[in-house]
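Novice: what shape does this take:
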Amino acid sequence: MVNRVKVSIRCKRCGERFVLRGKRDKGRIDTGFKRCLCDNEYDFEVHEENV
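Specialist: Reported below is the predicted structural model:
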């Protein structure tokens with residue numbers, strides 16, 4: 001069974017926000033998110049939302 005979660009991602013460089021659905025797998029959440037529009041790949045705030 002795959003646990004779907006809603007994830008809020010905010011770029012710490014430009015402030016852009018993204019809300020995505022992801023899969024919980026062994027304690028990690030995979031959304032497929034790679035990088036922000038400003039080419040930032042590492043500096044993010046990630047929060048799991050209550051659905």
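Novice: and the residue nearest the centre of the chain, what element?
Specialist: In the chain, the C-alpha nearest the mean C-alpha coordinate belongs to residue 9, at 4.4 Å (C-alpha atoms, centre = their mean). Using DSSP states H and E, residue 9 sits within strand 3-11.
Novice: what's the following helix or strand after that strand?
Specialist: Once strand 3-11 ends, the next helix or strand along the chain (criterion: DSSP H and E) is strand 17-25.
Novice: any idea how far that following strand is from the middle of the chain?
Specialist: Put simply, strand 17-25 sits 5 Å off its chain's centre (C-alpha atoms, centre = their mean, to the nearest Å).
Novice: looking just at contacts, which helices and strands does that strand meet?
Specialist: Strand 17-25 is packed against strand 3-11, strand 28-30, with contacts defined by 3 or more C-beta pairs under 8 Å, 6 or more residues apart in numbering; DSSP states H and E. C-beta: built from backbone N, CA, C; applies to glycine.
Novice: please name the bridge partners of residue 6.
Specialist: Here residue 6 sits in beta bridges with residue 21, residue 49, as judged by DSSP bridges.
Novice: sec struct for residue 42, please.
Specialist: Secondary structure for residue 42, judged by DSSP: H, G, I helix; E, B strand; the rest coil, is coil.
Novice: burial count for it?
Specialist: Residue 42 has 8 neighbouring residues, counting by other C-beta atoms under 10 Å.
Novice: pull up the gap between it and residue 12, please.
Specialist: Distance of residue 42 to residue 12, computed by C-beta to C-beta, to the nearest Å: 9 Å.
Novice: name the residues that touch the helix or strand bottoming out on mean pLDDT in the chain?
Specialist: When each helix and strand of the chain is scored by mean pLDDT, DSSP states H and E, strand 28-30 comes last, with a mean of 85. If you take C-beta atoms under 8 Å, 6 or more residues apart in numbering as the criterion, strand 28-30 is touched by 5, 7, 22, 23, 46, 48.
Novice: burial of residue 36, as a residue count?
Specialist: Residue 36 has 21 nearby residues by other C-beta under 10 Å.
Novice: for it, give me its contacts.
Specialist: By C-beta under 8 Å, 6+ apart, the contact set of residue 36 is 11, 13, 14, 16, 18, 44.
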